[in-house]
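Student: sequence first, predicted model second:
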Amino acid sequence: MATMGNALGSVLVYLACAGLLVVNAAGVALVLLQLPGTWVMLVATALLAWWQWDGQNPMIGVWSLLIMLGLAVLGEVIETLAAARWARKAGGTKTGAIAAIVGGIAGAVLGTMLIPIPVIGTIVGACIGAGIGSIGGDLIRGRTWPEAQLAGQGAAVGRMWGTMGKVVIAVAMWFVAAVAVFWP
């Protein structure tokens, strides 16, 4: 009877590992929707690690979780600062760069509601919002329309690159979790 219990326990662990990879794949999709998918991935992986933690030979080690934490933080930095950096690189003001960040967030929400194409509406809205935010911030600071427009284009492009960078980070996190659970 003990072997039957061990077999059932092993099946549950493998199902939990497969479920983790599905949840983490959904986390990658959440990143595309401008939602905190990397954090969902980290929490899900940490919960499985905690569930299977035996102290001596854990299924998912502390290093795997720390790597995922570092990647999640890096993804946030890349996504948040990309629009601001590209706006500044295009000659925008600091006010325009900050407004690009705020505009990107607002644009993602509005794009999701106004453009009913999953993922595309969110990304397009975030890019347009970052551009409009940058333009508005630069105009408030006294920049001319052509200068503000150039910085706004930079912010929109930066937001797109920031989103793509965070998606790459999320995929890397998926692989770290997959390696941690299936290749101890």
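Tutor: That came through, no problem.
Student: use CA for all of it now, contacts and neighbours both
Tutor: OK.
Student: in stretch 133-141, what's buried?
Tutor: For stretch 133-141, a neighbour-count test (16 or more other CA atoms under 10 Å) marks 133-139 as buried.
Student: between these, which sits nearest Leu15?
Tutor: Closest approach to Leu15 among the buried residues of stretch 133-141 (CA to CA): Gly133, at 45.5 Å.
Student: got the residue ranges for the helices in the chain?
Tutor: In the chain, the helices defined using DSSP state H lie at 2-32, 37-51, 62-89, 94-114, 120-140, 145-182.
Student: other SSEs contacting the longest one?
Tutor: For helix 145-182, the elements it packs on are helix 2-32, helix 37-51, helix 62-89, helix 94-114, helix 120-140, judged by 3 or more CA pairs under 8 Å, 6 or more residues apart in numbering; DSSP states H and E.
Student: and among those, the most buried is which?
Tutor: Ranked by mean neighbour count, these are led by helix 120-140 with a mean of 27 (mean count of other CA atoms under 10 Å).
Student: rewinding a little: mean pLDDT for the helices of the chain - can I get that in CSV?
Tutor: Shown next, in CSV, are the helices of the chain (pLDDT from 0 to 100):
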stretch, mean pLDDT
helix 2-32, 83
helix 37-51, 94
helix 62-89, 90
helix 94-114, 92
helix 120-140, 94
helix 145-182, 94
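Student: burial of Pro142, as a residue count?
Tutor: If you look again at residue 142, you'll see it is Gly, not Pro. 11 (other CA atoms under 10 Å).
Student: do the one 5 residues further on as well
Tutor: Applying the criterion other CA under 10 Å, we find 17 residues in the vicinity of Glu147.
Student: hang on, isn't it packed against Thr93?
Tutor: No - counting by CA atoms under 8 Å, Glu147 stays clear of Thr93, with 9.9 Å between them.
Student: ok, and the closest non-adjacent residue to the residue most central in space within the chain?
Tutor: Nearest residue to the geometric centre of the chain (CA atoms, centre = their mean): Val31, 4.2 Å. Among residues not flanking Val31 along the chain, Gly37 sits closest, at 4.9 Å (CA to CA, 6 or more residues apart in numbering).
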